[in-house]
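In: Would you be able to build a 3D model of this:
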Amino acid sequence: MAKLQVAIDLLTTEEALALAAKVAPYVDIIELGTPLIKNMGSSVITAMKNAHPDKLVFADLKTADAGELEADIAFKAGADLVTVMGAAGNATIIGAVKAAKAHGKGVVVDTIGYPDRVKRAQEVTELGVEFVELHAGLDEQWTAGYSIQVLIDEAARAGVPVSIAGGVNIDNITAVIKAGAQVAVAGAAIYGAEDPAAAAKALREAIDAV
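Out: Reported below is the predicted structural model:
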């Protein structure tokens with residue numbers, strides 16, 4: 001069964017916990033966005049894991065160097081999954097995977113900004129990562145002509161475990177799952193909704209119906 005991941009792109013621990021409390025019944029993975037972690041430090045990871053021990057807490061570190069060290073910090077704070085940039089060297093990814101194995105946790109490679117996301121996804125899967133995030137960042141999403149269909153097409157071609165992040169919403173989530181994504185990552189579609197719980201519930205039901 002595919003998982004639903006909420007990307008919390010808020011800036012304080014209090015805001016993040018308040019949103020998570022509303023949507024937790026419907027999501028499998030709670031992602032703490034990079035700006036949130038940069039603003040609040042690793043303490044937000046601990047706070048979220050303490051509040052939701054039954055959920056996977058995803059620390060979106062976007063590590064580009066010192067993979068083992070940064071992953072170890074996040075895992076000790078309570079993270080279940082951490083991200084390493086696809087553009088980072090293989091040694092950085094391997095280091096993060098080493099830390100993950102020591103803690104019984106996982107590494108996700110984030111392909112944001114990478115010119116050939118599918119090729120990189122196939123390469124890094126061999127390094128022992130949990131899955132690869134086919135990711136169009138906010139800046140890319142705001143570019144004229146952007147469509148999530150490019151990520152959906154990439155997921156269908158990848159042939160390795162992937163998630164999709166980059167504008168997932170109720171209108172396209174069925175296509176995201178049918179393309180083979182193991183995880184659908186929804187950010188603004190949930191936290192920007194008038195009723196985040198209802199939005200998360202609708203996404204959950206759409207996933208389960210595929």
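In: and the longest strand seen in the chain, C-alpha only, in CSV?
Out: When the chain is scanned for its longest strand (criterion: DSSP state E), the result is strand 56-63. What follows is the C-alpha trace of strand 56-63 in CSV, where atoms were taken according to Å, rounded to 0.1, in the frame of the first residue of the first chain:
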residue,chain,number,x,y,z
LEU,A,56,7.7,7.8,10.5
VAL,A,57,9.4,11.2,11.1
PHE,A,58,11.2,12.4,8.0
ALA,A,59,13.9,15.0,8.5
ASP,A,60,14.5,16.8,5.2
LEU,A,61,18.1,17.7,5.9
LYS,A,62,19.0,17.9,2.2
THR,A,63,22.5,16.9,3.2
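In: surely A99 meets A66?
Out: No - look at A99 against A66 with CB atoms under 8 Å: they stay out of range, at 10.5 Å. All C-beta spots, glycine's among them, are computed from the backbone N, C-alpha and C.
In: and the worst-scoring helix or strand of the chain on mean pLDDT, how far out from the chain's middle?
Out: Here the helix or strand of the chain ranked lowest by mean pLDDT, DSSP states H and E is helix 138-141, holding a mean of 92. Helix 138-141 sits 16 Å away from the centroid of its parent chain (CA atoms, centre = their mean, to the nearest Å).
In: Skip ahead from that helix and say which helix or strand is next.
Out: Moving toward the C-terminus from helix 138-141, the next helix or strand (DSSP states H and E) is helix 149-158.
In: Give the buried residues for that next one.
Out: Neighbour counts over helix 149-158 (16 or more other CB atoms under 10 Å) mark 151-152, 154-155, 158 as buried.
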